[in-house]
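Asker: Here is a sequence with its predicted model. Questions after.
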Amino acid sequence: LTNISLGTKWQSKNVSAITWPFAQLRDRVEESGESYDELMDNLMGAVSVVFLGAEMEWRRLFKLKNEKCAGCYKHFGLDIIIDESLNARVIEANGQPGMTLSKDRNDHYSRTKLDMVADLIAMVYAEKPVADE
C-alpha cells in the first residue's frame, strides 16, 4: 500500500494509482464490482502465513533475550501485491518500516502514510472494522 523506496523514487510522479489506505482500497475494489470482503479474507490469509511462519523464530529470539511480549504490539510494514483475481501476496515484510513523510505533508504519499497509521491505531483499539468508518 505504501513503500518508502517507491515513494522516494517516484515522489515527483503520481503514485495515487497504486497506493491507498484501507478506505480508499475498499472504494476502488467496490467500484470495480469486486468483493472487498473477499479481498480482506485474501489479505488476512497472506499476512497470516507470513507471521505464523515467523512465530517460532520470534519466540526463540524473545526467549534468548529474556524478553516477554504478551499483549505487546509491533509495527511492521508489509508490501503487498494484489492481482486482478484479488489474490494477495506479501512481497516484503519490514520490521522497521520507514515513516518519513514528503516535504509536502498534504501530498498523496504523505496523506496515505498518515491515513495508514490512523488505520493501524483504529485496528488495535477499535471494535468495528476500519473500512466501515
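Answerer: Structure received.

Asker: average pLDDT across the host helix or strand of Met116?
Answerer: Per DSSP states H and E, Met116 falls inside helix 108-125. Predicted confidence along helix 108-125 averages 81 (mean pLDDT).

Asker: Counting by contacts, list what that helix packs against.
Answerer: On a contact count with 3 or more C-beta pairs under 8 Å, 6 or more residues apart in numbering; DSSP states H and E, helix 108-125 meets helix 22-31. Placement of C-beta: from N, CA and C, glycine included.

Asker: ok, now which ones touch Glu92?
Answerer: Neighbouring residues of Glu92 by C-beta atoms under 8 Å, 6 or more residues apart in numbering: 78-79.

Asker: Let me fix that, I meant to ask about Ser48.
Answerer: Remark: with contacts taken as C-beta under 8 Å, 6+ apart, Ser48 is in contact with nothing.

Asker: on that earlier part again, what are the C-alpha coordinates of the helix holding Met116, in PDB please?
Answerer: The C-alpha atoms that make up helix 108-125 are tabulated as PDB, following Å, rounded to 0.1, in the frame of the first residue of the first chain:
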ATOM      1  CA  HIS A 108      -0.900  11.900  -1.700                       C
ATOM      2  CA  TYR A 109       2.100   9.900  -0.400                       C
ATOM      3  CA  SER A 110       2.200  11.700   3.000                       C
ATOM      4  CA  ARG A 111      -1.600  11.600   3.400                       C
ATOM      5  CA  THR A 112      -1.600   7.900   2.600                       C
ATOM      6  CA  LYS A 113       1.000   7.200   5.300                       C
ATOM      7  CA  LEU A 114      -0.800   9.300   7.800                       C
ATOM      8  CA  ASP A 115      -4.100   7.600   7.000                       C
ATOM      9  CA  MET A 116      -2.500   4.200   7.300                       C
ATOM     10  CA  VAL A 117      -1.100   5.000  10.700                       C
ATOM     11  CA  ALA A 118      -4.700   6.000  11.700                       C
ATOM     12  CA  ASP A 119      -5.900   2.700  10.300                       C
ATOM     13  CA  LEU A 120      -3.400   0.800  12.400                       C
ATOM     14  CA  ILE A 121      -4.400   2.600  15.600                       C
ATOM     15  CA  ALA A 122      -8.100   2.100  14.800                       C
ATOM     16  CA  MET A 123      -7.500  -1.700  14.200                       C
ATOM     17  CA  VAL A 124      -5.700  -2.000  17.500                       C
ATOM     18  CA  TYR A 125      -8.100  -0.100  19.600                       C
END
